[in-house]
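Undergrad: Got a predicted model here, sequence first, then my questions.
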Amino acid sequence: MSSTSSAGSYRAVLTIPHAAATFGAALTGRLAFGVLPLALLFTVQEATGSFTAAGSAVACFGLSSILMPFKARVIDRFGPARTLPVLATATAAPLAALALLAWSGVTASAPYLLLSIFFGVCAPPLGPVMRMLWRSLTANTALLERAYSLDSACEETLYLAGPVITGAIVATAFPAAALLAAAGLLFGGTLALCATPVVRSTRSAVSAEPLSWSLGPLRSRRFSALATIILITAAGTGIAVTTVAARAQEHGNPGAAGYLEAALAAGSVLGGLAWGQRKHKRPASTQLTGLILVLAAGIALAATAENLVVLGIVMAAAGLAVVPLFIVSYLASDKLVPEHQRTEASTWVNTANNLGTAAGSTTAGLLVDHGTTTSTFLAGAVILGVAAAMAKPLLR
């Protein structure tokens, strides 16, 4: 029997009652996270005159995302309708305050760093919440995998569109206006999401466990194995993405790095949409192994691509596996943890990816400084090979 078969179009997902309105509201709020990094960087740099302060502000925002699983735990416990408006308000207010500080001519970096930490800590986990809602919307259907495919592909597209929107605002107005736009998108999109019937009717899968700083779903051996595989895979991918920028700089065209990363993202979107139109019958461990090997092969081939156009084509081909990796991981996490931990488990997948990417980027910088871009690409491919070798035995 074939391991895949046709699953139809995405129309069936979007014609589920309330699905289109709910998804549209969630995407509006999530677009803020595509706009925010560049808007924050430009705003703090212009206000303080320091790229060090600007980079530190973005880092503070990024590092605070480590608390995302605990916020998801609160949502799993109390439901999105009660928690999301509080988080959205607590995020939008410091974003607006940061923009006002910049307009007021405050040049000290400390207030910007503190506000960046604060709104990072409070930022609502809209992606995991939307996946919670997809589980509710697709209940008693076979559409969950297709819904996750659509969701992941659209999320990747938002991270392509966000910097373009920021650039347009900065070019026609000023950086702080882009920051206010991010605050408005986040606040408005989150409140619109909470006003949808599916959120109002969603009740948390109440756990008897009190809220705590425990490991939650990571206490499951197989789920912690999945998170480890995602972290290692992200480290290999992070090495490759950073090395792409170094390769572009070697060719005297650092600006091409943006186009090369866009090629990777475009391939990722196409791969995710194609993946969701098939029904997959192989075990998650087999799917993960195959997808990671595709990514590893693409990164290894990138090591030989001296021409930037060829490198872009190779990165687009490698990217075909990225969104499917997340889709399989989200579906696997749903099966590996109790119902009341599923939103948090989904968030741990993202957190493991973020931590792995950060580690990979740092490693790539060291390897490029002390070696070549070719050897650094190959190091990323080897790490991905290790992740592929681990997937099947750990998740069996």
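TA: Here it is on my side, so go on.
Undergrad: quick one: residue 355 is in a strand?
TA: No: under DSSP: H, G, I helix; E, B strand; the rest coil, residue 355 sits outside any strand and is assigned helix.
Undergrad: what's downstream of the helix-or-strand element of the chain with minimal mean pLDDT, the next helix or strand?
TA: Within the chain, no helix or strand scores below strand 4-6, which has a mean of 50 by mean pLDDT, DSSP states H and E. The helix or strand immediately downstream of strand 4-6 is helix 11-14, counting by DSSP states H and E.
Undergrad: other SSEs contacting the very next helix or strand once past that next one?
TA: On the C-terminal side of helix 11-14, the closest following helix or strand by DSSP H and E is helix 19-48. When contacts are defined as 3 or more C-beta pairs under 8 Å, 6 or more residues apart in numbering; DSSP states H and E, helix 19-48 packs onto helix 11-14, helix 51-63, helix 80-103, helix 110-122, helix 126-137, helix 144-172, helix 175-194, helix 197-200. All C-beta atoms are positioned from the backbone trio N, CA, C, and that covers glycine.
Undergrad: how about 6 Å then?
TA: helix 51-63, helix 126-137, helix 144-172, helix 175-194 (3 or more C-beta pairs under 6 Å, 6 or more residues apart in numbering; DSSP states H and E).
Undergrad: With mean pLDDT and distance to residue 292 as added columns, please give those helices in TSV.
TA: What follows is these, written out as TSV (pLDDT from 0 to 100; distance: least, C-beta to C-beta, whole Å):
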stretch	mean pLDDT	distance to residue 292
helix 51-63	81	24
helix 126-137	92	21
helix 144-172	88	16
helix 175-194	95	33
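Undergrad: Reformat those helices as JSON lines; add distance to residue 21 and mean neighbour count.
TA: Conversion of the helices and strands packed on helix 19-48 to JSON lines gives the following (distance: least, C-beta to C-beta, whole Å; neighbours: other C-beta atoms under 10 Å):
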{"stretch": "helix 51-63", "distance to residue 21": "29", "mean neighbour count": "18"}
{"stretch": "helix 126-137", "distance to residue 21": "11", "mean neighbour count": "24"}
{"stretch": "helix 144-172", "distance to residue 21": "15", "mean neighbour count": "19"}
{"stretch": "helix 175-194", "distance to residue 21": "8", "mean neighbour count": "22"}
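Undergrad: Among those helices, which comes closest to residue 319?
TA: Nearest to residue 319 among these is helix 144-172 (9.0 Å), distances taken as C-beta to C-beta.
Undergrad: So what's the gap between the closest one and the chain middle?
TA: Distance of helix 144-172 from the chain centroid (C-alpha atoms, centre = their mean, to the nearest Å) equals 10 Å.
Undergrad: That helix vs helix 175-194, what angle?
TA: Interaxial angle of helix 144-172 relative to helix 175-194 (axes from the mean of the first three to the mean of the last three C-alpha atoms, to 10 degrees): 150 degrees.
Undergrad: now helix 144-172 and helix 19-48, what's the angle there?
TA: 30 degrees.
Undergrad: Which other helices and strands does helix 144-172 contact?
TA: helix 11-14, helix 19-48, helix 175-194, helix 256-276, helix 322-336.
Undergrad: Any idea which residue is closest to the centre of this protein?
TA: The residue lying closest to the centre of the chain (C-alpha atoms, centre = their mean) is residue 350, at 5.9 Å.
Undergrad: and that one, that's in a strand?
TA: No: looking at residue 350 with three-state DSSP, it is helix, so not inside a strand.
Undergrad: Show me the shaky parts of this structure.
TA: Residue ranges of the chain with pLDDT under 70: 1-8, 203-214, 255.
Undergrad: measure the residue nearest to the centre of the chain to residue 148 for me?
TA: For residue 350, the distance to residue 148 (C-beta to C-beta, to the nearest Å) stands at 13 Å.
Undergrad: And residue 338, by the same measure?
TA: Distance from residue 338 to residue 148, counting by C-beta to C-beta: 19 Å.
Undergrad: Please name the nearest non-neighbouring residue to residue 335.
TA: Nearest non-adjacent residue to residue 335, counting by C-beta to C-beta, 6 or more residues apart in numbering: residue 284, 7.7 Å away.
Undergrad: What about that neighbour, how many residues nearby?
TA: Residue 284: 19 surrounding residues under other C-beta atoms under 10 Å.
Undergrad: didn't it look like it was pressed against residue 332?
TA: Yes: taking C-beta atoms under 6 Å as the definition, residue 284 is a contact partner of residue 332 at 4.1 Å.
Undergrad: now the helices and strands packed on helix 144-172 as TSV including distance to residue 94?
TA: TSV is the format used below for those (distance: least, C-beta to C-beta, whole Å):
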stretch	distance to residue 94
helix 11-14	34
helix 19-48	11
helix 175-194	9
helix 256-276	29
helix 322-336	29
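Undergrad: quick one, which of those is nearest to residue 87?
TA: When these are compared by C-beta to C-beta, helix 175-194 sits nearest residue 87, at 7.6 Å.
Undergrad: out of the helices and strands packed on helix 19-48, which comes closest to residue 116?
TA: helix 51-63 (4.2 Å).
Undergrad: Could you chop the protein up by domain?
TA: 15-200, 216-395 (automatic domain parsing).
Undergrad: Spatially nearest residue to residue 161 (excluding sequence neighbours)?
TA: Residue 161 sits nearest to residue 34 (C-beta to C-beta, 6+ apart), 6.1 Å away.
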